[in-house]
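K.L.:
Okay, here's the prediction I keep looking at, along with the sequence it came from:
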Amino acid sequence: MTRAVVMGKIGCLMRSGDKQKVVVSGAGVAGIEAALALRELAGERLDVEVWDPRGEFVYRPFAVAEPYGSSRSFRYEMDELVARCGARFCQGSIASVNPKRQIALTRDGQQVAYDHLVIAGGVRMLWAVPGAATFWGVTDEGSVGETIARLRAGELRSIAFTMPAGRGWALPLYELALLGSAEIAKAGYNTRIAIVTPEEGPLDAFGRGVVEGMEGLLGERGIELVTGTHPIEFEDGRLRVAPGEPVEAEAAISLPRLEGRRVGGIPHDADGFVVVDERCRVRGLDRVYAAGDVTAFPIKQGGLASQQADAVAEAIAVEVGALSEARPFDPILRAVLWTGEGPRYLYGRPTGGHGEASSFSERPKGPLRSGKVVARHFSPLVDELEAEQGARGLDDRPESRRASSG
């Protein structure tokens, strides 16, 4: 039995005096941000447990550059990470919930009482395009690494990058293509790169300013863009799509399709995503919240997940009398796009609002840390972990130094 399991099982039997107990199901960005925010807002009033089946935390945003040999993801022991958040780690999965009794049930049958519950279990990633290699967003699995190696070696005359429709996060699709274009340009290869996306414009979730900036950048790189198009299957050198004619390519890489991780007793839509109100309370339930990719919000991004987690923490802090008022979830999109030739900083509001236009720039608008995810509490922690492990993304490129100074 690993140290994480031992510490988790012992810790989860403990409870401190009159403190109210918060159970966080899931230790991704949303779960860690929630634990950190709860410690800051109401640490003395709360007893926080974080449940997750994994014994190791993997920071995923750096993985997009791993196939190109210019970055590496860092990993961290989950029990040590959660301890830094002022919480206890319990290794296991919350399988179902009885909201009336305020009891969660784990997959191994353990009953876990709670005063407040945060559902942050994330998504299931599913194979989306038969015949295409699937980029899972972690250290390379399957044939993505082999395909990128062939691209870098000049063995491919054409390649298509694509993604299915539905809730998700398109930015890795463009990074894979842009990093590839930079590699083959330096090597002098003549390889046609195409991006096939169901979006109406590239990264249109950010707004018109980013769409125009992306169109210009892709045009400069000679990357073909096919929008409003859904991939169906890759076979015999052709990516079949709808609508339109097949896209000719010798290889294809796709992002996965996403489904919410279902928890019994928690209402969800047909795809497993949880509907929440403006303060991220689960509709129809008391003292139950959800944050991150598992919610029905259509964009799945770490920065937005952390903003939802902050809204949850404030709502719970009000409940326990540590805060007078909680702010609603007001989504702001910030991201850094790795291009292989210097980063681009993206900003936008998915809901329009406040008269602020989206922007596409070589300089960041507002705070943007080197870890790619912009989060009030999680980002400083990532910087600490990066410094300890020396695992900064794209650490051999000029753009990394520029990103770090933003």
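P.N.:
That came through, no problem.

K.L.:
quick one, domains of this protein?
P.N.:
Following automatic domain parsing, the chain resolves into domains at 3-124+258-319, 129-257.

K.L.:
just the helices in the stretch 151-300 of the chain please.
P.N.:
Secondary structure of the stretch 151-300 of the chain (DSSP state H, counting those that start in this stretch): helices at 171-187, 208-221.

K.L.:
Show me which of the ones you listed has the highest average neighbour count.
P.N.:
Of the helices of the stretch 151-300 of the chain, the one with the most neighbours on average (mean count of other C-beta atoms under 10 Å) is helix 171-187, at a mean of 21. Backbone N, C-alpha and C define where each C-beta goes, glycine included.

K.L.:
Residues contacting that helix, please?
P.N.:
64-65, 67-68, 70, 135, 137, 148, 151-152, 154, 159, 161-163, 190-191, 193, 195, 197, 202-203, 214, 217-218, 221-223, 253, 255, 301, 335, 337-341, 346 (C-beta atoms under 8 Å, 6 or more residues apart in numbering).

K.L.:
Next: stretch 313-333.
P.N.:
Outside stretch 313-333, the residues within contact range by C-beta under 8 Å, 6+ apart are 20, 22, 34, 37-38, 40-42, 45-46, 116, 118, 205-206, 278-281, 287, 289, 297, 299, 301, 303-304, 307-308, 311, 346-351, 353, 358.

K.L.:
Pro164: what's it in contact with?
P.N.:
Ala128, Val129, Pro198, His230, Pro231, Ser254, Leu255, Pro256, Arg257.

K.L.:
out of the domains of the chain, nearest to Val374?
P.N.:
Val374 lies closest to domain 3-124+258-319 among the domains of the chain, at 4.5 Å (C-beta to C-beta).

K.L.:
Relative to Leu126, how far out is Ala357?
P.N.:
Look at Ala357 and Leu126: by C-beta to C-beta, to the nearest Å, they are 35 Å apart.

K.L.:
The nearest residue to Leu41 once chain neighbours are set aside in helix, strand or coil?
P.N.:
Nearest residue to Leu41, sequence neighbours excluded (C-beta to C-beta, 6 or more residues apart in numbering): Ala317, at 4.0 Å. Secondary structure, DSSP: H, G, I helix; E, B strand; the rest coil: Ala317 is helix.

K.L.:
Strands of the stretch 301-406 of the chain, start to end?
P.N.:
Under the criterion DSSP state E, counting those that start in this stretch, the stretch 301-406 of the chain contains strands at 333-337, 344-348, 359-361.

K.L.:
okay if I get the ones you listed as TSV plus mean neighbour count?
P.N.:
Shown next, in TSV, are these (neighbours: other C-beta atoms under 10 Å):
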stretch	mean neighbour count
strand 333-337	24
strand 344-348	24
strand 359-361	19
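
K.L.:
can you put those strands in CSV and add mean pLDDT and distance to Tyr174?
P.N.:
Converted to CSV, these look like this (pLDDT from 0 to 100; distance: least, C-beta to C-beta, whole Å):
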stretch, mean pLDDT, distance to Tyr174
strand 333-337, 93, 7
strand 344-348, 94, 10
strand 359-361, 94, 12
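
K.L.:
circling back: what about burial for the contacts of helix 171-187, which qualify?
P.N.:
Using 16 or more other C-beta atoms under 10 Å as the burial test, the contacts of helix 171-187 include 64-65, 67-68, 70, 135, 137, 148, 151-152, 159, 161-163, 191, 193, 195, 197, 202-203, 214, 217-218, 221, 223, 253, 255, 301, 335, 337-341, 346 as buried.

K.L.:
separation between Arg262 and Ala270?
P.N.:
11 Å.

K.L.:
that older thread, would you format the helices of the stretch 151-300 of the chain as a markdown table with distance to Gly26 included?
P.N.:
Shown next, in a markdown table, are these (distance: least, C-beta to C-beta, whole Å):
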| stretch | distance to Gly26 |
| --- | --- |
| helix 171-187 | 21 |
| helix 208-221 | 29 |
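
K.L.:
Adding distance to Ala375 and mean pLDDT, write the ones you listed out as TSV.
P.N.:
Converted to TSV, the helices of the stretch 151-300 of the chain look like this (distance: least, C-beta to C-beta, whole Å; pLDDT from 0 to 100):
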stretch	distance to Ala375	mean pLDDT
helix 171-187	16	96
helix 208-221	20	97
